[in-house]
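*Asks:* Give me a 3D structure for the following:
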Amino acid sequence: MLVRPRSRTPHTVVAIAVLCILIALAGCSSSGGPAPASPSTSAPSSMSVSEERIVIKDFRFEPADLTAAPGAKVSVVNEDSAPHTVTAQAADAFDTGTIEGGETATFTAPPAAGTYRYLCSIHPSMTGTLTVR
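*Replies:* As a prediction, this is how the structure comes out:
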């Protein structure tokens, strides 16, 4: 005796088609890894401290005039082979000490707003300005 399969109703065909589409979409929607952070969820806190950078190259400060927030960390990269410093002319404002060629040092911008002139204490013709605001 031969058994014929039951014919499917139109509702069953639609349900199977919808199920196939949902499975296909689920497979394409994500790699399973964490979702990237959106800019609105990764906004810096109001207590973050900015970081600035001075590069010493060819016996010059680049940039020669830098603006930073009060208390900002300032990295100083010495790309020359000679040693240099970043020394504020105002007493006790900031001083990196000697930075050997190829080395990096960091100082903290003063907490008070203002303009601070600095120089290399080894090569006084090298000068720059840090504006804190």
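*Asks:* and Leu66, how far is that from Thr131?
*Replies:* The gap separating Leu66 from Thr131 is 7 Å, by Cβ to Cβ, to the nearest Å. In short, each C-beta sits where N, CA and C put it, glycine included.
*Asks:* Which one of these two is surrounded by more residues?
*Replies:* Neighbour totals were compared for Leu66 and Thr131, and Leu66 leads with 20 against 13 (other Cβ atoms under 10 Å).
*Asks:* pLDDT wise, what is that one at?
*Replies:* The predicted local confidence for Leu66 comes out at a pLDDT of 98.
*Asks:* hang on, isn't it packed against Thr129?
*Replies:* Yes - using Cβ atoms under 8 Å, Leu66 is in contact with Thr129, at 7.3 Å.
*Asks:* Show me where this structure has its strands.
*Replies:* For the chain, the strands defined by DSSP state E occupy 51-57, 60-62, 65-68, 73-78, 87-88, 104-108, 114-119, 127-132.
*Asks:* Would you convert the ones you listed into TSV that also reports distance to Phe94?
*Replies:* Formatted as TSV, the strands of the chain follow (distance: least, Cβ to Cβ, whole Å):
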stretch	distance to Phe94
strand 51-57	11
strand 60-62	13
strand 65-68	11
strand 73-78	8
strand 87-88	5
strand 104-108	4
strand 114-119	7
strand 127-132	8
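*Asks:* Fine by me, we can end here.
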